[in-house]
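> Quick one, what's the 3D model for this:
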Amino acid sequence: MLRLEEISGRTFEERMADAVSAIPLITEEWTNHNPSDPGITILENLILFETLQGSRITTISDDVRRALLKMVGFEARKGKCARLLLSADGLPGKTHINNNQRFLIGDMVFETRRAQDVGDCHLTGILSRFNGEYHDHGHLLDREMVLPAKVFGDDPKVGDEILFFSDNLPEPGSETSFYIQINSSFRRTPLKDRAGNIFASFNWECYTKDGFREIKVKDFTGALLESGEIKLKFPQDIRYAEYKQGDQSGYCIRATLTTANYDIRPCIMQVDAFLFEVWQKDTRALAMSFQRTDRIRMVSPMKNEGYILCFCREGKGESYRRYELSSGTGRRGRYCLYERGEKEGEFILSFDKQSFGYEPVRVKDAVRIFIYSEEVMRRYHVGRVIGYDDQEIDLPFDHIVPDSFLLIAKRVDDAGEEFFDFVRPGKPDDDALTYHLLENDGKIVIEDPGDFIGAELFIGSLAVTEGPKGNVRAGNGFVAPELGNAIFYNPGPGTGGSFRETLEEVRARFREDVYTPYTCITAEDFEKAAASAPGLCIRKIHAVMDELDNMVHIAVLPGTDEEFPKLSKQYVDVISETLTERRLITTRFHIQSPVYVGVSVKLTVYVNRQFANSREQIEERLRSMINYIDGDKNFGDPLTFEDVFAGIESLDCVDYVYDLFMQPENLKHATLRDGNIYPGENCLLYPGQIMLETLITSITVK
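Here you go, the predicted structure:
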């Protein structure tokens with residue numbers, strides 16, 4: 001076995017001295033050990049090579065670390081652009097927005113990913129029906145007056161419904177999104193499937209000429225348990241009709257409860273509808289493809305149309321040729337006619353072989369158009385392919401959106417004419433340029449140059465992102481200068497924005513996973529596993545090991561809005577499923593519902609007369625110490641006489657405690673011993689009858 005200190009711990013001089021001192025032991029003929037001797041020169045080279053090898057053997061490169069982490073299932077998570085939903089109710093009417101339309105908040109840019117029409121649909125009213133009656137919740141549309149509404153009352157049932165009325169509906173076959181803000185102070189563990197519902201479910205419909213018709217919906221609110229998005233997709237062949245209910249009329253979308261086993265009653269704060277998606281990215285260079293047409297009309301997302309490059313294929317399967325823009329037809333060569341359109345940023349490119357002598361072939365992607373901002377155009381040449389392994393080329397930007405990145409590779413054929421190819425990262429192919437993008441650092445690494453040695457590389461398309469900064473809070477006003485003075489409101493926060501994980505972040509995640517137990521061994525393991533059960537609100541949990549019976553007793557307090565929460569069948573099933581996956585085969589467990597025991601207290605206290613509200617202070621302190629449901633005490637924690645006595649006596653208004661007596665109101669689940677109360681393993685205490693007598697301390701003046 002190699003010893004580490006012998007491989008890398010010794011310097012070149014130490015190794016050389018040992019080698020020269022060993023020469024007489026090997027041969028008597030080699031007597032000249034001076035540096036001028038050729039043998040010493042050869043020996044120096046060999047020793048130097050050994051030293052470098054030793055250093056290399058003990059050095060683990062970042063590539064090796066990534067490969068090792070990948071072997072155990074840990075790869076760097078890709079960066080993502082933050083996603084946001086915007087309301088178009090500030091627009092005067094139906095408005096067309098283009099792909100890559102920019103929306104600004106300060107100096108941060110969000111963009112659309114597709115062209116669409118917005119601003120022609122608005123909610124006009126909301127009704128809910130429960131207990132056989134309709135209730136008006138139109139105030140949920142008012143952003144200024146926030147008034148929570150229990151839309152299904154205190155006892156939701158199957159068949160209860162919500163009706164959303166609007167002045168219009170999106171085109172058949174299209175999608176739209178609602179954002180519903182829920183009033184909830186309970187923290188719920190995330191579901192494995194974001195669109196999954198454990199406790200309740202809805203059937204979504206819209207009113208048509210044939211009555212109510214079902215529509216497809218992805219509900220990310222857990223059936224109105226958490227704030228989030230509801231995405232609706234309307235059928236292609238739907239025929240809308242207006243609907244009337246009481247004083248409300250218009251186009252109607254209805255959500256009907258099909259299951260209603262809520263742990264927390266839904267309470268809605270606000271509803272925003274007919275929202276559209278934007279992503280936090282700033283496109284600096286844009287590439288678009290077109291089939292062969294004589295005339296291409298488009299609108300540039302760049303200010304003043306940006307800088308435009310045009311490339312065309314003149315034969316099927318061939319590389320592209322560059323076509324220069326021309327304002328007239330009086331020249332021969334690879335040109336296309338450039339004209340400005342009527343709209344701001346609109347331009348038209350026309351191809352005419354009769355006038356110019358060249359035109360693109362009639363195939364898919366025959367024409368590629370690139371639009372650059374001035375910043376990119378000044379630095380769009382990034383380097384030349386040299387051909388050595390892992391050639392790195394710096395880019396003029398960092399934090400690049402990987403899906404947006406494209407390189408233009410320029411080569412010269414035997415006739416001296418330039419031809420162009422467009423290469424995306426990570427696309428290995430025979431004789432192709434293969435490279436990967438280091439988007440955080442703004443670099444590319446060429447893995448295989450293929451037939452592209454000597455090619456000049458230019459930026460083709462590129463967008464940058466601000467990663468987690470794009471996860472902006474809800475309630476901002478966005479502007480789009482091209483769309484006038486309208487303000488676009490985001491009812492929910494930005495989500496998903498992140499940079500690609502660094503190697504250190506991957507290693508930290510690996511270490512955390514290694515030290516996080518998956519199999520439940522100890523009582524603490526069972527508590528952590530049960531608390532992580534998906535989709536639940538759990539306020540307290542306590543596990544007790546019964547080693548004789550090889551059984552784990554687990555008491556769980558659900559986080560519901562009841563005064564004394566009960567553990568429902570849904571909670572038991574979800575926790576059981578989670579623990580079954582992680583327990584030892586021979587270990588059994590039993591999930592216990594909490595029991596509650598009141599504590600009666602008789603207390604006599606001498607107080608200082610200068611405190612007018614001493615009684616209220618004492619009672620508040622006493623109730624907080626006994627309240628295990630909302631306090632810090634857990635299942636089975638004893639309530640000691642000493643702690644209560646000290647807690648009362650520490651109040652500024654108290655001179656001293658004269659008498660204190662505590663007793664559990666139910667001796668089945670809690671016992672009294674030596675003045676202390678010991679609740680059972682699944683028992684929580686709460687304040688019961690409190691008899692408090694306060695006496696004013698007498699002051700003697702000498």
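> how close does the residue nearest the centre of the chain get to residue 470?
Nearest to the mean C-alpha position of the chain, by CA atoms, centre = their mean, lies residue 496 at 3.0 Å. Per CB to CB, to the nearest Å, residue 496 is found 8 Å from residue 470. (C-beta placed from N, C-alpha, C; glycine too.)
> Spell out which residues are contacts of both of the two.
Common neighbours of residue 496 and residue 470, using CB atoms under 8 Å, 6 or more residues apart in numbering, are 81-82.
> Kindly format the C-alpha coordinates of the host helix or strand of residue 244 as PDB.
Using DSSP states H and E, residue 244 falls within strand 242-245. What follows is strand 242-245, C-alpha atoms only, in PDB (Å, rounded to 0.1, in the frame of the first residue of the first chain):
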ATOM      1  CA  GLU A 242     -73.900  33.600 -20.000                       C
ATOM      2  CA  TYR A 243     -75.300  32.400 -16.700                       C
ATOM      3  CA  LYS A 244     -77.400  34.100 -14.000                       C
ATOM      4  CA  GLN A 245     -77.700  33.400 -10.300                       C
END
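> what pairs with it, and is each one parallel or antiparallel?
strand 248-260 (antiparallel) (DSSP bridges).
> pLDDT on the helix or strand that comes right after the strand it pairs with, on average?
Moving toward the C-terminus from strand 248-260, the next helix or strand (DSSP H and E) is strand 268-279. Across strand 268-279, pLDDT averages out at 96.
> Likewise for stretch 529-546?
93.
> And stretch 52-68, by the same measure?
Mean predicted confidence for stretch 52-68 is 75.
> ok, now stretch 325-341?
Averaging pLDDT along stretch 325-341 yields 89.
> which residues in the stretch 501-650 of the chain form helices?
For the stretch 501-650 of the chain, helices defined by DSSP state H, counting those that start in this stretch occupy the ranges 503-514, 523-531, 569-582, 614-626, 641-649.
> Between those helices, which one is closest to residue 141.
Closest to residue 141 of the helices of the stretch 501-650 of the chain is helix 569-582 (CB to CB; 32.2 Å).
> Just the CA atoms of the closest one, as PDB, please.
Written as PDB, here are the backbone C-alpha positions of helix 569-582 (Å, rounded to 0.1, in the frame of the first residue of the first chain):
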ATOM      1  CA  LYS A 569     -58.100   9.200   9.500                       C
ATOM      2  CA  GLN A 570     -56.300  11.100   6.700                       C
ATOM      3  CA  TYR A 571     -53.500  12.200   9.100                       C
ATOM      4  CA  VAL A 572     -53.100   8.600  10.400                       C
ATOM      5  CA  ASP A 573     -53.000   7.100   6.900                       C
ATOM      6  CA  VAL A 574     -50.400   9.600   5.600                       C
ATOM      7  CA  ILE A 575     -48.200   9.300   8.600                       C
ATOM      8  CA  SER A 576     -48.500   5.500   8.600                       C
ATOM      9  CA  GLU A 577     -47.500   5.300   5.000                       C
ATOM     10  CA  THR A 578     -44.500   7.500   5.600                       C
ATOM     11  CA  LEU A 579     -43.300   5.500   8.700                       C
ATOM     12  CA  THR A 580     -43.900   2.100   7.000                       C
ATOM     13  CA  GLU A 581     -41.400   3.000   4.300                       C
ATOM     14  CA  ARG A 582     -38.800   3.900   6.900                       C
END
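> Which positions in it come out as buried?
Neighbour-count burial for helix 569-582, counted by 16 or more other CB atoms under 10 Å, picks out 570-571, 574-576, 578-579, 582.
> Include distance to residue 205 and pLDDT when you put these into TSV, please.
TSV is the format used below for these (distance: CB to CB, whole Å; pLDDT from 0 to 100):
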residue	distance to residue 205	pLDDT
570	26	92
571	31	94
574	29	94
575	34	95
576	35	95
578	34	94
579	39	95
582	41	92
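> so which of the residues you listed comes closest to residue 23?
Of the buried residues of helix 569-582, the one sitting nearest to residue 23 (CB to CB) turns out to be residue 582, at 65.1 Å.
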